[in-house]
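Visitor: Need a 3D model of the following:
(2 chains)
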Amino acid sequence: MKKNIINLLTILLTAAATNFCRAQNEIQIEQNINVLGQTKPIPVALDGFTGEAAEVLKFDLYVQGFSFVSPEAAQYLIHGSDAGGVTGTVTDKFAHKMILSRSYNGASLRRQAHAFADDIVKATTTLKAIGQTKIAFKSQPSSVGAGEIYVADFDGFGAQSVTSDATIVAKPAWVPGRLALYYTSYARGNPDIFYHSLSSGQRRVIAGYSGLNTSAAVSPDGSKVAMILSKSGSPNVWVCNADGTNLKRLTTGLEDSSPCWSPDGNWICFATKKAERRRLAKIPAGGGEVQYLNTTGAANPTEPDWSPDGKWIAFTRMAGDFDICVMPADGSLPPTVLVAGQNPSWSPNSRTLVYNRGGNGHQTLSVLDVFTKQSKDCRRATGSNSQPAWAR
Amino acid sequence: MKMNKIVFPLVLALAATLATTGCKHGFNKVTPLPGERAAQVGDTGGSGTIPPAQPLDTGSLPTSTIPSTPGNIPTTTDINLDDYNQDRAALAAYTVHFKFDSAVVQDKEQANIASVGQALTSDASAKLLIEGHCDERGTEEYNRSLGERRALALREALAKNGIDPMRIKTISYGKDKPADPGHDEAAWAKNRRGEFVLLHHK
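Guide: Got it, this is the predicted structure:
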């Protein structure tokens, strides 16, 4: 028995050592193989930055799939300074050359560090960087009841309230590429969908029908809004023009929630119920037949969000607690359960999710790199933060 | 590995040289960043301020006259809550509770439905608001739909008892208004509910 265990250990250790050597030699190849939750981070050595600039660089790079190692173990050497503005270089150790050298002036030091992080990501990957993107979310003094809509940098810094109605609010959604939101507000005594221009402060109700009006989701071209209305007697998916006109009912099930758009604008994915089971489904955006998605292994799926590159659908499974799951949009693989949390929203580059996590009390926003499973909490605006939406 | 040990100091030396001297081929560029202006989507990380929300423009709400699907009773458009006084006490004893993740009105709740029905029958001018609520074990928007489904199920049950459903307005609070703030089964059971509020015209 003992001998067997020793033999097994030897085999395992040998395999581990072999894998380790292989990993050392093939780092550049492996970084390109994106396996949900299992991709190896890109090893970098960071040196010369202090305080806020160092924090920003570490946060931005960590949630975009980089890890911080010694110069010996690094693929890229990031060197620079934040004295009197951010200046930095990136050296590719394998290619033996400097691939980035840049300094920044203007704006805040924080912003300069985000800009340098973006340039590092652009120089070392094929990703569109996210360091200077925005999120919207709801913040409540307690985890239930009245709250306000906020916008902030994607790491939660610079949070500003958009509303001050002291009422229940829900589910902010960005108009793609524009400084405008849709969200749910009970300000008129009923859950209604508001449009709100962040540049002028102007707002109006685009869906204020009797019953439930919630979960607005804007089409990729900004021309349509999908939402949940109960005006026909059950909560279903409806679509209208950006200004609320041209309303059309898409689904007729008993109870639907959380519509989202495919990036080509052809489909709307939503949570529904079929034969007493919670399911995810999709329907042509112009109406048609409902197709159910296979989410085997992830019970009670809800809150789908389709990645901007079209490849993935992130959602929340409800199994006692909430977990963030991601599956290929074409259904070719079962969902991967990533981390505890809810309300996933994709970054513009389809690599990182913002979501909220926490037990029964206050919720915290967090960002997750779905490939390396590296995540970090955002700075919290006052109270409980939830339902984040990434501007894209 | 050995290779790296030899190459590494060389690379560092090269990096240091380039960093101090700059490079003729486009390196050491200066990127000017705009100042602190109004926040822009996907553009600035600055701390520009967002103008305050303007008063709500309620002049022209979109309307729609889409026929309902058989089996569903369209929601009422007859009741504007601003026109009514809300009597929360009158029907508080008849609050209906639901099973976990269910909007099915249980048989044991039929007495409560009948009592609410009688109250509406005896006061022909009264209207009814039904508030649907959930426990905290569903996600927020999922619960907002479930809460509405519960309120609508109670409305349908009252319609079966002969009450005109156009006298009944529904509202879902999802899990935003728990009756019991606890986090155990006893609290959850109290929170999965439909509450009846009697409406009298002002």
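
Visitor: per-residue pLDDT, B:Asp123?
Guide: We have a pLDDT of 96 for B:Asp123.

Visitor: try A:Gly37
Guide: pLDDT, A:Gly37: 83.

Visitor: Next secondary structure element downstream of the lowest-mean-pLDDT helix or strand in chain A?
Guide: In chain A, no helix or strand scores lower on mean pLDDT, DSSP states H and E than helix A:27-30, which sits at a mean of 40. Next helix or strand after helix A:27-30 toward the C-terminus (DSSP states H and E): strand A:42-47.

Visitor: Quick check: mean pLDDT of that next one?
Guide: For strand A:42-47, the per-residue pLDDT averages 97.

Visitor: In terms of secondary structure, what does that strand contact?
Guide: With contacts taken as 3 or more CB pairs under 8 Å, 6 or more residues apart in numbering or on different chains; DSSP states H and E, strand A:42-47 sits against helix A:51-62, strand A:66-68, strand A:76-81. No exception for glycine: its C-beta is placed from N, CA and C like everyone else's.

Visitor: For that strand, buried residues please.
Guide: A:Ile42, A:Pro43, A:Val44, A:Ala45, A:Leu46 (16 or more other CB atoms under 10 Å in any protein chain shown).

Visitor: any idea what the residue in the stretch 151-300 of chain A positioned nearest to chain B is structurally, helix, strand or coil?
Guide: Of all residues in the stretch 151-300 of chain A, A:Gly233 sits closest to chain B, at 2.8 Å by CB to the nearest CB. At A:Gly233 the chain is in coil, as set by DSSP: H, G, I helix; E, B strand; the rest coil.

Visitor: Skipping adjacent residues, who's closest to it in space?
Guide: Spatially, and ignoring its direct neighbours in sequence, A:Gly233 is nearest to B:Asn72 (2.8 Å; CB to CB, 6 or more residues apart in numbering or on different chains).

Visitor: likewise A:Val35?
Guide: That would be A:Phe371: by CB to CB, 6+ apart, it lies 7.0 Å from A:Val35.

Visitor: Just confirm that neighbour contacts A:Gly65, I think it does.
Guide: Yes - here A:Phe371 reaches A:Gly65: they are 5.9 Å apart, a contact under CB atoms under 8 Å.

Visitor: Going along the chain, name the strands of chain B.
Guide: B:29-32, B:84-87, B:96-97, B:127-133, B:168-174, B:193-201 (DSSP state E).

Visitor: measure the residue of the stretch 151-300 of chain A closest to chain B to A:Pro43 for me?
Guide: The gap separating A:Gly233 from A:Pro43 is 57 Å, by CB to CB, to the nearest Å.

Visitor: Give me the local confidence score for the residue of the stretch 151-300 of chain A closest to chain B.
Guide: Value for A:Gly233, per-residue pLDDT: 93.

Visitor: ditto for B:Pro74
Guide: 88.

Visitor: Can you verify my assumption that it contacts A:Ser232?
Guide: Yes - in terms of CB under 8 Å, B:Pro74 counts as a neighbour of A:Ser232; the distance is 5.4 Å.

Visitor: in chain B, what residue is nearest chain A?
Guide: Chain A sits closest to B:Asn72 of chain B, with a gap of 2.8 Å, by CB to the nearest CB.

Visitor: Using the record's assignment, carve chain A into domains.
Guide: Listed domain ranges for chain A are A:32-124, A:134-390 (source: automatic domain parsing).

Visitor: Would you confirm that B:Gly194 contacts B:Leu91?
Guide: No - with contact defined as CB under 8 Å, B:Gly194 does not count as touching B:Leu91 (10.6 Å).

Visitor: higher neighbour count, these two?
Guide: Each of B:Gly194 and B:Leu91 had its neighbours counted (other CB atoms under 10 Å in any protein chain shown), and the higher figure belongs to B:Gly194 (29 against 20).

Visitor: thinking again about what came up before, show me whatever sits in contact with both of A:Phe371 and A:Gly65.
Guide: A:Thr39, A:Arg351 (CB atoms under 8 Å, 6 or more residues apart in numbering or on different chains).

Visitor: Give me the neighbour count for A:Cys325.
Guide: Neighbours around A:Cys325, by other CB under 10 Å: 23.

Visitor: All good on my end, thank you.
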